[in-house]
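Q: this is a predicted model, with the sequence first.
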Amino acid sequence: MYPAPPFNKQPQEVPGLASKMDPVPDHGEKSYKGSGRLAGRRALITGGDSGIGRAAAIAYAREGADVVIGYLPQEQSDADEVLKLIEEAGSKGFGIPGDITSREFCETLVAQTVEKLGGIDILVNNAGHQQAVDSLLDISPEAFDVTMKTNIYAPFWITKAALPHLEPGSVIISTSSVQAYDPSENLFDYAQTKAANVAFVKSLAKQLGPKGIRVNGVAPGPVWTPLQTSGGQPQDAIVEFGKATPLGRPGQPAELASIYVQLADGSASYATGQIYGAAGGNGHP
Ligand SMILES: NC(=O)c1ccc[n+]([C@@H]2O[C@H](COP(=O)([O-])OP(=O)(O)OC[C@H]3O[C@@H](n4cnc5c(N)ncnc54)[C@H](O)[C@@H]3O)[C@@H](O)[C@H]2O)c1
């Protein structure tokens, strides 16, 4: 089994959650060095300082990849922590803070990644934004724009900028959501964007297959990350979502890391245009 990277920012005050999380094991992460199956690979992960992106970044580094993480500037201390773990894994790590709702920054992010790593073999469009509202009438034009620009525009502009640098054997991975298939009644705009991510993965996979570039997505269910306690979501909603899955609990970011590794390391080399569900048994990818 894949070793679990450390978790971050876990608001332990949510009643009952800590004990639900206990079964997630620590597979000796301190001594684990990885098998080197991503040695020589160069990864760009948006939202790499936190939650699912953080788990993927640490896993990639432990498998030998050099990693650039993108993140919002106010999350510098989280990014520093991840960069330290990447370095401890023996890989090179760089942080590029900035706001991906800006197309200019998306292009800068890619250009600076290429400058730092010498190229890109693994692009993970993972950063995301969500807001929960009781009614469609409660979404302001400004709030709608942030969700669209973070979740739809940014993956589009980042991928477009990265494309000239991707060689055969490269991979693109998109973090979608079970919300694409089974939307909640209060995540209107977010669910729209996550369905858009699925369509983008599938059309890109068709276009890039002949070039030897694979494109896949991951559709998480309720995963215990800061996203789930932000944007108007009640603090205990994640616990309730988790209880409603066949596994009966929310997931931990580390439980998804091995999917991101497998999609990047070439071991699933005949898989493209696919969405991998990691939702405790819910959802219909
Ligand atoms: N946590 C869940 O239950 C869940 C479920 C399904 C899908 N997802 C998806 O997983 C992905 C990662 O989310 P997470 O749960 O790890 O949340 P998180 O809050 O831990 O991470 C979100 C990341 O996105 C980055 N980000 C947000 N807005 C940005 C912006 N404008 N510019 C630059 N970076 C920005 C943040 O810096 C942060 O690193 C998202 O796409 C989210 O939609 C999460």
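A: Done, it's in.
Q: SS state for the residue lying closest to residue 212 once chain neighbours are set aside?
A: In this structure, residue 212 finds its nearest non-sequential neighbour in residue 168, 3.1 Å apart by C-beta to C-beta, 6 or more residues apart in numbering. Where C-beta positions appear, they are placed from N, C-alpha and C, glycine not excepted. Recorded secondary structure, residue 168: coil (DSSP: H, G, I helix; E, B strand; the rest coil).
Q: ditto for the one 4 residues further on
A: Local secondary structure at residue 172 is given as strand here, using three-state DSSP.
Q: how far away is it from residue 131?
A: 26 Å (C-beta to C-beta, to the nearest Å).
Q: these two: which is more packed in?
A: residue 172 (28 against 20; other C-beta atoms under 10 Å).
Q: quick check: that one touching residue 215?
A: Yes - judged on C-beta atoms under 8 Å, residue 172 makes contact with residue 215 at a distance of 4.4 Å.
Q: and for those two, which residues touch both?
A: 201, 204, 208 (C-beta atoms under 8 Å, 6 or more residues apart in numbering).
Q: is it true that the first one lies in a strand?
A: No - counting by three-state DSSP, residue 201 falls outside a strand, being helix.
Q: how near is it to the ligand?
A: Going from residue 201 to the ligand by C-beta to the nearest ligand atom, to the nearest Å gives 13 Å.
Q: ok, and the closest non-adjacent residue to that residue?
A: Per C-beta to C-beta, 6+ apart, closest to residue 201 is residue 217, 4.3 Å.
Q: again, but for the second one
A: Spatially, and ignoring its direct neighbours in sequence, residue 204 is nearest to residue 215 (4.5 Å; C-beta to C-beta, 6+ apart).
Q: neighbours around that neighbour, how many?
A: 27.
Q: for it, what is the enclosing helix or strand?
A: Per DSSP states H and E: residue 215 is located in strand 214-220.
Q: quick one: strands adjacent to that strand?
A: Neighbouring strands of strand 214-220 in its sheet, by DSSP bridges, are strand 171-175 (parallel), strand 275-278 (parallel).
Q: local confidence estimate at the residue lying farthest from the centre of the chain?
A: The C-alpha centroid of the chain is most remote from residue 137, which lies 29.2 Å away (C-alpha atoms, centre = their mean). With respect to pLDDT, residue 137 scores 96.
Q: what's the distance between it and residue 188?
A: Taken as C-beta to C-beta, the span from residue 137 to residue 188 is 10 Å.
Q: and the helices in the stretch 101-250 of the chain?
A: According to DSSP state H, counting those that start in this stretch, the stretch 101-250 of the chain carries its helices in the segments 103-117, 141-148, 154-162, 188-208, 237-243.
Q: please identify the most buried of those.
A: helix 154-162 (a mean of 22; mean count of other C-beta atoms under 10 Å).
Q: same for it, what does it pack against?
A: Packed against helix 154-162 by the contact rule (3 or more C-beta pairs under 8 Å, 6 or more residues apart in numbering; DSSP states H and E) you find strand 42-46, helix 103-117, strand 122-125, strand 171-175, helix 188-208.
Q: go again using 6 Å as the cut-off
A: Packing contacts for helix 154-162, counted by 3 or more C-beta pairs under 6 Å, 6 or more residues apart in numbering; DSSP states H and E, involve helix 103-117.
Q: can you state the direction angle for the helix it packs on and strand 42-46?
A: 150 degrees (axes from the mean of the first three to the mean of the last three C-alpha atoms, to 10 degrees).
Q: just how off-centre is helix 103-117 within its chain?
A: Relative to its parent chain, helix 103-117 has a centroid offset of 18 Å by C-alpha atoms, centre = their mean, to the nearest Å.
Q: what do you get for stretch 122-131?
A: 5 Å.
Q: stretch 149-157 now?
A: On C-alpha atoms, centre = their mean, the centre of stretch 149-157 falls 13 Å from the chain's centre.
Q: for stretch 54-63, same thing?
A: Centroid separation for stretch 54-63 versus its chain: 11 Å, with C-alpha atoms, centre = their mean.
Q: now it: average pLDDT?
A: Here the average pLDDT along stretch 54-63 is 92.
Q: next, the residue nearest the centre of the chain: phi, psi?
A: With distances taken as C-alpha atoms, centre = their mean, residue 126 lies nearest the centre of the chain, 3.4 Å away. Residue 126 has phi and psi values of phi -120, psi -30 when expressed as degrees, to the nearest 10.
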